[in-house]
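Participant: Provided below are the primary sequence and the corresponding predicted coordinates.
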Amino acid sequence: MITLKSSREIELMRRAGKITAAARAVARDMVKPGVTTHQIDEAVYRFIKSQGATPSFLHYNGYPASVCVSVNDEIIHGIPGKRVLREGDIVSVDVGAYIGGYHGDCAGTYPCGDVSDEAMRLIRVTQQSFFEGLRFAREGYRIGDISHAVQSYVESQGFSIVREYVGHGIGQKMHEDPEVPNYGESGHGRRLLRGMTIAVEPMVNAGVASIIQMSDGWTVKTADGKNAAHYENTLLITAGEPEILTDLEGSLV
């Protein structure tokens, strides 16, 4: 069931969104050669707690950390640990914060030091695909209009869209209705209504779209070992332009 948020609920989601966006910026600034993924997780945990919030991901369905840190061919849900970041890596961070009964959710992929031109192009295309979809995140359009815009742009750039994982509604729960795929046909899907809050999150592979689920039960990798990138923000559907509740800290464009 889709829940339309009241003005009070929207204010609470703005608060959660700002903390979440700032936590993403903390993670982004930690992406440097020699830093471990565990150190990123620790920094994000400390920051979110310092704001009086709770990490949305910690213990969510058993997930053991506060942030997902996915490196190179890891698409999503990389578990922080002893891995040391190296020059040339690209690092996807996905973070959520919960406060006042509501969640925020956002992600971004960032270069570790100097990266290849192709890796940087993947990062930029993934981010831009979100903004292509954002043009259709308006009252009266349909979910499929967002989905089609994301897919069309990504594929026009020679990259592939992950299909097994999708965006989602968000609010009192991290994952609510409706699902927001990153592929599909325009004019299809649920109609967007004022007061809906959704997380739009393109997951883009440099090579084939196929994925591999790793034995840890969380980490998802590209089937061909090529790089992947991820970009996400939480949005509010309004009477006019959509509002990004997780602001654009960390933008590369």
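Facilitator: It's in. Residues are numbered from 1 along each chain as shown.

Participant: which strands and helices sit next to the longest helix along the chain?
Facilitator: Criterion DSSP state H: the longest helix present in the chain is helix 7-30. Helix 7-30 sits against helix 37-50, strand 67-71, strand 90-99, strand 102-111, strand 233-236, with contacts defined as 3 or more C-beta pairs under 8 Å, 6 or more residues apart in numbering; DSSP states H and E. Backbone N, C-alpha and C define where each C-beta goes, glycine included.

Participant: switch the cut-off to 6 Å
Facilitator: Packing partners of helix 7-30 (3 or more C-beta pairs under 6 Å, 6 or more residues apart in numbering; DSSP states H and E): helix 37-50, strand 90-99, strand 102-111.

Participant: could you dump the ones you listed to TSV with distance to Leu245 and mean pLDDT?
Facilitator: Listed next are these as TSV, based on distance: least, C-beta to C-beta, whole Å; pLDDT from 0 to 100:
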stretch	distance to Leu245	mean pLDDT
helix 37-50	16	98
strand 90-99	11	98
strand 102-111	6	98
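
Participant: let's have these in CSV, adding distance to Ile19 and mean neighbour count.
Facilitator: Converted to CSV, the helices and strands packed on helix 7-30 look like this (distance: least, C-beta to C-beta, whole Å; neighbours: other C-beta atoms under 10 Å):
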stretch, distance to Ile19, mean neighbour count
helix 37-50, 6, 19
strand 90-99, 4, 27
strand 102-111, 7, 27
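
Participant: so can I have JSON lines of the ones you listed showing distance to Asp177?
Facilitator: JSON lines is the format used below for the helices and strands packed on helix 7-30 (distance: least, C-beta to C-beta, whole Å):
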{"stretch": "helix 37-50", "distance to Asp177": "26"}
{"stretch": "strand 90-99", "distance to Asp177": "18"}
{"stretch": "strand 102-111", "distance to Asp177": "14"}
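
Participant: which of the ones you listed sits closest to Glu11?
Facilitator: Nearest of the helices and strands packed on helix 7-30 to Glu11, taken as C-beta to C-beta: strand 102-111 at 9.5 Å.

Participant: pull that closest one out as PDB, backbone CA atoms only.
Facilitator: Coordinates of each C-alpha in strand 102-111 appear next as PDB, following Å, rounded to 0.1, in the frame of the first residue of the first chain:
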ATOM      1  CA  TYR A 102      11.200   8.100   9.300                       C
ATOM      2  CA  HIS A 103      14.100   6.900   7.100                       C
ATOM      3  CA  GLY A 104      16.300   8.600   4.500                       C
ATOM      4  CA  ASP A 105      18.200   6.600   1.900                       C
ATOM      5  CA  CYS A 106      20.900   7.700  -0.600                       C
ATOM      6  CA  ALA A 107      24.000   6.300  -2.400                       C
ATOM      7  CA  GLY A 108      26.800   7.400  -4.600                       C
ATOM      8  CA  THR A 109      29.900   6.100  -6.300                       C
ATOM      9  CA  TYR A 110      33.200   7.900  -5.900                       C
ATOM     10  CA  PRO A 111      36.700   7.600  -7.300                       C
END
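
Participant: all set, thanks.
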